[in-house]
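Visitor: Just to be clear, the model below is a prediction. Sequence and coordinates:
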Amino acid sequence: MIFLDAAATTPVRREVLEAMWPYLSGEFGNPSSHHTLGEAAASALADARAAVATALGCRSGELTFTSGGTEADNLAVKGIALARQAADPALNRVVISAVEHPAVEESARYLERFHGFSVDVVRVDSTGLVAPAALAAVLRPETALVSIMYANNEVGTIQPVAELAGLARARGIPFHTDAVQAAGWLPLDVKALGVDALSISGHKLGAPKGCGVLFVRGRTRIEPLMHGGGQERGRRSGTENVAGAVGLATALALALAQAAQPQTADRVTVLRDGFIRDVLAAVPGAVLTGHPARRLPSVASFCFPGTSGESVLLELERQAVVCSSGSACAAGSDAPSPVLTAMGFEPEVAQTAVRFSFDSTVTGTDLAAAAEAVRTAVGSVRTLGRS
Ligand code: PLP
């Protein structure tokens, strides 16, 4: 099988599993317990937090471990907006981009439905980019929070986060970024990015599903979503997933060490560009989606007019190439991707989307075979009229 769906999830890395194993077995303590086992768990959690803090260039106390990217996004968007509204009821607007993951979009819609917020959606251009001027145009004195993703999960477009965060910060508005897809490929130094909050998910990086982390800068107030025993400095109650936190910290450190070597990202970028060229040459009418240059090294996404994305996926899987039609959350649905329609694609074209995403171990041989499989798959779907 050629697995080209790393943006959906990745296998757990051996080093990660080995780092986690003690906390799933002998060192199984509850970090809140005041005995040796509990203290060992608390110390592992503190070490994991310190390792993530080093990776992000922040303080340990600015990190909250969560159950994944979705929870980190929910906590950031709802938690910061609600805390600001509680301090000043006039702060009742949130800004998101038109291409956010549902974890951010639906959190904003929840604030609208139940807490009297208005949601301002910043448009993107045909490559999925948010123009700083477009963000500036929607910022108001009542804006409680801006949330714009670092890199898009369907098309890989990378936003100018530092510039966008600077615009919000100049007006005293906290800026959150969903860095779930960026982590492992792009710099994550929160000071250089100038963000006030940033979300990461473990399973996109070689840690298990069900672990994530949220950075929230210094004194930014945040209302917890989980109430209980006051773990995670009161920001997220519930017995901590010690092994998950250790796994996430290990995976993040490994991924950043790899990404720091220019040859890794450069090698994958060259392979990605070769794959894009091969697919565009082999499939008449194929359209690359997303920004041609400002895109994750790991994502190549296309529309194949005259097909349906789901039919192409089935044909590809028959040829042992596994990928997806957009985001993993929308898998199995023939509905056009809201990300692509926001970028100006007609619904009939958006519904033909296929995303190929890879990790740093991808090879040229696999991608050459995958490009040939795409040619055959699209050809057969078009011939059979299965659109
Ligand atoms: N944000 C983005 C950009 C994602 O791609 C994903 C997962 O696909 C998430 C958030 C949700 O992360 P998790 O699966 O850990 O809940």
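Guide: Sure, I can see it.
Visitor: Quick check, the residue in this protein closest to the ligand?
Guide: Using Cβ to the nearest ligand atom, the closest approach of the chain to the ligand is made by G69 at 2.5 Å. Yep, even glycine has a C-beta here, placed from its N, CA and C like the rest.
Visitor: Double-check that residue against S201; I have them as touching.
Guide: Yes. Between G69 and S201 a contact is recorded at 3.1 Å, counting by Cβ atoms under 8 Å.
Visitor: which residues do those two both contact?
Guide: V180, G212 (Cβ atoms under 8 Å, 6 or more residues apart in numbering).
Visitor: Next, count neighbours for the residue of the chain closest to the ligand.
Guide: Neighbour count for G69, taken as other Cβ atoms under 10 Å: 27.
Visitor: Now do the same for it: its pLDDT.
Guide: Note for G69: predicted pLDDT of 98.
Visitor: start the count at 807, not 1, going forward
Guide: All set: I'll call the first residue 807, so the last point we hit is now G875.
Visitor: So it versus V1052, what's the distance?
Guide: Using Cβ to Cβ, to the nearest Å, G875 is found at 18 Å from V1052.
Visitor: Please apply the same query to L1146.
Guide: L1146 is 38 Å from V1052, where distance means Cβ to Cβ.
Visitor: Just say helix, strand or coil for A847.
Guide: Following DSSP: H, G, I helix; E, B strand; the rest coil, A847 is assigned to helix.
Visitor: For the residue nearest to it when sequence neighbours are not counted, which residues are in contact?
Guide: Closest residue in space to A847, ignoring its immediate chain neighbours: G835 at 3.9 Å, by Cβ to Cβ, 6 or more residues apart in numbering. By Cβ under 8 Å, 6+ apart, G835 lies in contact with H841, T842, L843, G844, E845, A846, A847, A848, V1048.
Visitor: Among the residues you listed, which one lies nearest to R1181?
Guide: V1048 (47.8 Å; Cβ to Cβ).
Visitor: you'd agree that closest one is up against L851?
Guide: Yes. Counting by Cβ under 8 Å, V1048 touches L851, with 5.3 Å between them.
Visitor: Overlap of the contact sets of the two?
Guide: The contact sets of V1048 and L851 overlap at P837 (Cβ under 8 Å, 6+ apart).
Visitor: Shouldn't G1050 be within a strand?
Guide: No. G1050: not assigned to a strand; according to three-state DSSP it is helix.
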